[in-house]
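[1] Could you look at this predicted model? Sequence included:
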Amino acid sequence: MKPKKLSGSILRSPIRRARLPQKTLKVHVERIRSELKSTGALWYDLLLPETYYLPAVIHHDEHIEGSVFGRYTLRNTAGRGALIATDKRVIFLDKKPLFVHYDEINFMIIGSVTYTHTAFVGYVTLHTRLGDFQLRTFNQRNAYNFCEYIEEKCLQQTESDKREFVT
């Protein structure tokens, strides 16, 4: 008996666990890829393991509004990961062959976002109650779009909080 070849669908087993019809799954994957492209992700970002794992993490009613891919430092650890901002939450994702680090960050616990850049490198720091998430990236436009969206969403959050507490 011939051994089975590993195909892309087998390697993306978390997506298969969702038990979605194949046609729905393809539409979901293509929608995520097109939203990443529209936020400024480069062709290299679309080839990263975090991008292939995103359809297992993003819900069908969520839309990607910003993303940053790069090297991170978090709680005295370093690696390569991504910060993905959707219309409902921010996702920190680090995907390795036998390892997944995944944090969901609600907009209510985000204190601020900082963007600094030098000649070729940009740094995005997301200050939250969970700690600071800092990514170093070469895609300056993508980082800027991400920071703009987070600032806009945090301002909307504070405006809605002010309206709730007014008596």
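    Nice, thanks for sending it over.
[2] quick one: buried residues of the lengthiest helix in the chain?
    Taking DSSP state H as the criterion, the chain has its longest helix at helix 140-165. By 16 or more other CB atoms under 10 Å, the buried positions in helix 140-165 come out as N142, A143, Y144, N145, F146, C147, Y149, I150, K153, C154. Where you see a C-beta, it was placed from the backbone N, CA and C, and this is true even at glycine.
[3] Likewise for stretch 113-131?
    For stretch 113-131, by 16+ other CB under 10 Å, it's V113, Y115, G122, Y123, V124, L126, T128, L130.
[4] Distance check, the residue lying closest to Y144 once chain neighbours are set aside against L126.
    Leaving aside its chain neighbours, Y144 sits nearest to Y115 (6.4 Å; criterion: CB to CB, 6 or more residues apart in numbering). Going from Y115 to L126 by CB to CB, to the nearest Å gives 10 Å.
[5] sorry, back to before: lowest-confidence entry in the buried residues of helix 140-165?
    Confidence by pLDDT is poorest for C154 among the buried residues of helix 140-165, given 85.
[6] tell me which residues form a beta bridge with the closest residue to that one other than its chain neighbours?
    Leaving aside its sequence neighbours, C154 sits nearest to I110 (CB to CB, 6+ apart; 5.7 Å). When assigned by DSSP bridges, I110 has beta-bridge partners T128.
[7] quick revisit: which strands and helices lie in contact with the longest helix of the chain?
    In terms of contacts (3 or more CB pairs under 8 Å, 6 or more residues apart in numbering; DSSP states H and E), helix 140-165 is packed against helix 22-39, strand 64-74, strand 77-86, strand 110-117, strand 122-128.
[8] make it 10 Å
    Applying 3 or more CB pairs under 10 Å, 6 or more residues apart in numbering; DSSP states H and E, we find helix 140-165 packed against helix 22-39, strand 64-74, strand 77-86, strand 90-96, strand 110-117, strand 122-128, strand 131-137.
[9] orientation of it relative to strand 122-128 in degrees?
    20 degrees (axes from the mean of the first three to the mean of the last three CA atoms, to 10 degrees).
[10] For D94, which residues are in contact?
    Applying CB atoms under 10 Å, 6 or more residues apart in numbering, we find D94 in contact with 49-50, 53, 72, 74, 77, 79-82, 100-103.
[11] Assumed Y53 was part of a helix.
    Yes: according to DSSP: H, G, I helix; E, B strand; the rest coil, Y53 belongs to a helix.
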